[in-house]
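Engineer: Quick one, what's the 3D model for this:
(2 chains)
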Amino acid sequence: DTAVSQTPKYLVTQMGNDKSIKCEQNLGHDTMYWYKQDSKKFLKIMFSYNNKELIINETVPNRFSPKSPDKAHLNLHINSLELGDSAVYFCASLGPQETQYFGPGTRLLVL
Amino acid sequence: GENVEQHPSTLSVQEGDSAVIKCTYSDSASNYFPWYKQELGKRPQLIIDIRSNVGEKKDQRIAVTLNKTAKHFSLHITETQPEDSAVYFCAAGPNDYKLSFGAGTTVTVRA
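Structural biologist: Got it, this is the predicted structure:
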């Protein structure tokens, strides 16, 4: 059950800090995503990369910067963390037949 | 872009009864309609999906129906069990690799 993995699983940090979340998939998929799930459980898409190229960039503060060093990895760097950034961040990859496979999530708490 | 509305937001059913969740979508070009189940503290996982060339699909106790003319689709869970308690998300797409998710339905199965 480690097809899509994320690190860290939990992240507690102070306002103003910079942090990164990493995602890796071993499914050979070309497309990966970052979602933010807030306390009301709404899944909001943030970014998507296809073969290392940015293809979806929703209205997200530019403090969030995704990076895809290769098609198996999609990392998310967040600068100057704010209280409102507290959420669960899910990485996902797109398989055949349009199925999205989610990672286990990273629970970010900004104090 | 695609807009998906999901109802109800919460649903409480007696064990053994049926549960129905309904979604509507706005983009007639959408042709793929998955349903994801998210248990508490876990990742969303695909439980069933349907494509626009099919009106109904069933997998054991879960079934999905699609009405393309009316732009709505529904999830039906029969003979509910405590392990069916979770948040369920509908989605529609894809539109340029993007799935649009509904806001989720929290289902509680009472023993």
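
Engineer: Tell me which other helices or strands the helix or strand of chain A with the lowest mean pLDDT touches.
Structural biologist: Within chain A, no helix or strand scores below strand A:53-57, which has a mean of 90 by mean pLDDT, DSSP states H and E. Judged by 3 or more Cβ pairs under 8 Å, 6 or more residues apart in numbering or on different chains; DSSP states H and E, strand A:53-57 is in contact with strand A:43-50, strand A:64-70. Backbone N, C-alpha and C define where each C-beta goes, glycine included.

Engineer: Could you rerun that using 10 Å?
Structural biologist: On a contact count with 3 or more Cβ pairs under 10 Å, 6 or more residues apart in numbering or on different chains; DSSP states H and E, strand A:53-57 meets strand A:31-37, strand A:43-50, strand A:64-70.

Engineer: just the angle between that strand and strand A:43-50, please?
Structural biologist: Orientation of strand A:53-57 against strand A:43-50 (axes from the mean of the first three to the mean of the last three Cα atoms, to 10 degrees) gives an angle of 160 degrees.

Engineer: Going by neighbour count, list what's buried in strand A:53-57.
Structural biologist: The neighbour-count check on strand A:53-57 (16 or more other Cβ atoms under 10 Å in any protein chain shown) flags residue A:56 as buried.

Engineer: now for the helices and strands packed on strand A:53-57, which one comes closest to chain B?
Structural biologist: strand A:43-50 (4.6 Å; Cβ to the nearest Cβ).

Engineer: What mean pLDDT does the closest one get?
Structural biologist: Averaging pLDDT along strand A:43-50 yields 93.

Engineer: and it, how far from the chain's centre?
Structural biologist: Relative to its parent chain, strand A:43-50 has a centroid offset of 8 Å by Cα atoms, centre = their mean, to the nearest Å.

Engineer: could you give the angle of it to strand A:31-37?
Structural biologist: Counting by the same axes, to 10 degrees, strand A:43-50 points 160 degrees away from the direction of strand A:31-37.

Engineer: what bridges to whichever residue of chain A sits closest to chain B?
Structural biologist: Here the residue of chain A nearest chain B is residue A:102; by Cβ to the nearest Cβ that distance is 4.2 Å. Under DSSP bridges, the beta-bridge partners of residue A:102 are residue A:92.

Engineer: Same question for residue A:57.
Structural biologist: residue A:47.

Engineer: Chain B contacts on chain A?
Structural biologist: A:1, A:4, A:6, A:30-31, A:33, A:35, A:37, A:40-45, A:48-50, A:55-56, A:58, A:88, A:90-92, A:94-95, A:97-105, A:107 (Cβ under 10 Å from any Cβ of the partner chain).

Engineer: downstream neighbour of the strand or helix carrying residue B:73 in the secondary structure list?
Structural biologist: For residue B:73, the element it lies in under DSSP states H and E is strand B:72-77. Using DSSP H and E, the next helix or strand after strand B:72-77 towards the C-terminus is strand B:86-95.

Engineer: could you point out which element follows that next one?
Structural biologist: strand B:98-101.

Engineer: Check the offset of that following strand from the chain's centre.
Structural biologist: 13 Å.

Engineer: Who does it pair with, and is each partner parallel or antiparallel?
Structural biologist: strand B:86-95 (antiparallel).
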